[in-house]
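Q: Give me a model of this one.
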Amino acid sequence: MDSTKYWIALDRVQGMGPVHLKEIHGRISAAGVSLSEIFDLTESEMKNEFQFTSKTVSAVKSAIEILPVISDEYQKIIDAGISVTLFFSGAYPEKLLTMPGSEIPPVLYSYGNLQLFKKKGAAILGDQNVSSRGEFISYMAARALVEHNITVISGFAKGADITAHRSALEYGGSTIALLPQGILKLNIPDMIKPVYDEERFLAVSPFPPDDPAGKYNAFIRNRIICALSHSVFIVESPEDGGIFEAAKSAFNLKME
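A: Alright, predicted model coming up:
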C-alpha cells in the first residue's frame, strides 16, 4: 500500500520534525512494515513492538485524526499532476540530505520534470528590488550557467530570481523554482510564459500545498536552495533579510 499520505499526515503533527520522522522510518523499515500498518496498531503494540516513545505514539494518534483531511488533499494534488517526494525516497535530492537533520524537508511537492533534481545546479538569488544593472547580471549569469549545462536554481520571486529563471529557459536551459508557498499556489508569471517548457522546469515546495507565501517560508526556501545547489551567486543583497541569510547559509555549507 502507498503510505505517502500517512507520512504527510505524520509530518503535519506539531513537534514531529525530520529527526523524529527519520527515526520512525528506520524502526519500521527494519521490521519490514509500512507506516500505514503502524496506523492500525494499538498504543501498546506500538510501544512493545517498535519501542516507540509516548510522544511518538501520541503523534501517530494525532496523524490518524487528520488523515481524512490529508487524504482529500492528497487526491487533490495528485489530480493536479503534482508529485510528492518523501525524504527516504530514491527520487529525493541527495544534496538535501546533507542539511542539518532538523532542517531536512521531509516532504517535497513538485510540479514539472523531476529528473532536474539529478542535474548539477547553481543558485542565483537577489533582491526583489534589484537595479537594472543587477537584473542584467542575473540574466547573464543564468545564460552562462546554461552554456555549461548547469541547471539554474532560484526562488521564483520578482526581480533577480524571475530574471534568472527567464534567462535559463530563454537560452534552452533548465531551471528549478523553489517556492515560498504551497505548490497549489503556483502561478507562472507573464514574464515566464513565452519561454515556459514543462520538460525544462521544476517547481518545488516543502510547504503544505495550500500554504500562503510568508517571510519565514522565504527564509526556509532560501536555505533549501543553497543546500540543493553546488554554487550560489548573490546579486545585490541588502545587509539583512532573506538573501543575506542565504549568503551565510552558502558560506556555512562551504559553497562558492
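Q: Burial check on the residue nearest to S83 when sequence neighbours are not counted, number of neighbours?
A: Closest residue to S83 apart from its sequence neighbours, by Cβ to Cβ, 6 or more residues apart in numbering: S110 at 4.7 Å. From N, CA and C alone the C-beta is placed, and that goes for glycine too. Residues near S110, counting by other Cβ atoms under 10 Å, number 21.
Q: Can you give me the domain boundaries for this structure?
A: 4-79, 111-252 (automatic domain parsing).
Q: Ranking the ones you listed by mean neighbour count, which comes first?
A: domain 111-252 (a mean of 19; mean count of other Cβ atoms under 10 Å).
Q: could you pull out the strands for this protein?
A: Secondary structure of the chain (DSSP state E): strands at 83-86, 107-112, 121-126, 151-154, 175-178, 201-205, 231-235.
Q: returning to that earlier point: and the residue nearest to S83, what are its bridge partners?
A: S83, V204 (DSSP bridges).
Q: Next one: L178 relative to A123, how far apart?
A: According to Cβ to Cβ, to the nearest Å, L178 and A123 sit 9 Å apart.
Q: tell me, what's touching the two both at once?
A: 153-154, 225, 228 (Cβ atoms under 8 Å, 6 or more residues apart in numbering).
Q: For my notes, please list these in a markdown table and give distance to A59 and pLDDT for each entry.
A: What follows is those, written out as a markdown table (distance: Cβ to Cβ, whole Å; pLDDT from 0 to 100):
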| residue | distance to A59 | pLDDT |
| --- | --- | --- |
| I153 | 33 | 98 |
| S154 | 35 | 97 |
| I225 | 29 | 96 |
| L228 | 28 | 96 |
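Q: In those residues, find the pair that's most separated.
A: Greatest spacing in those, by Cβ to Cβ: S154 and L228 (10.8 Å).
Q: shared neighbours of these two, which are they?
A: Here S154 and L228 have 123, 176, 178 as joint contacts, going by Cβ under 8 Å, 6+ apart.
Q: that older thread, among the strands of the chain, which comes closest to L96?
A: That would be strand 107-112 among those, by Cβ to Cβ, at 8.1 Å.
Q: Now do that closest one: which elements does it pack against?
A: helix 4-11, strand 83-86, strand 201-205 (3 or more Cβ pairs under 8 Å, 6 or more residues apart in numbering; DSSP states H and E).
Q: who touches the residue nearest to E147 when sequence neighbours are not counted in this structure?
A: Leaving aside its chain neighbours, E147 sits nearest to Y171 (7.5 Å; criterion: Cβ to Cβ, 6+ apart). Contacts here follow Cβ under 8 Å, 6+ apart; on that basis Y171 touches 142-143, 146-147.
Q: G90: neighbouring residues, count only.
A: G90, neighbours per other Cβ under 10 Å, totals 6.
Q: now the end-to-end length of stretch 154-161.
A: The straight-line separation of the ends of stretch 154-161 (Cα to Cα, to the nearest Å) is 6 Å.
Q: and if you look at stretch 111-128?
A: 24 Å.
Q: what's the offset of that stretch from the middle of its chain?
A: The chain centre lies 11 Å from the centre of stretch 111-128; the measure is Cα atoms, centre = their mean, to the nearest Å.
Q: Mind checking the pLDDT average for that stretch?
A: Across stretch 111-128, pLDDT averages out at 95.
Q: do stretch 209-221 as well
A: Per-residue scores along stretch 209-221 average to 93.
Q: And the contacts of that stretch?
A: So stretch 209-221 is contacted by 73, 76-77, 82, 105, 109, 155, 157, 178-185, 205-207, 242, 245 (Cβ under 8 Å, 6+ apart).
Q: Many thanks, we can stop here.
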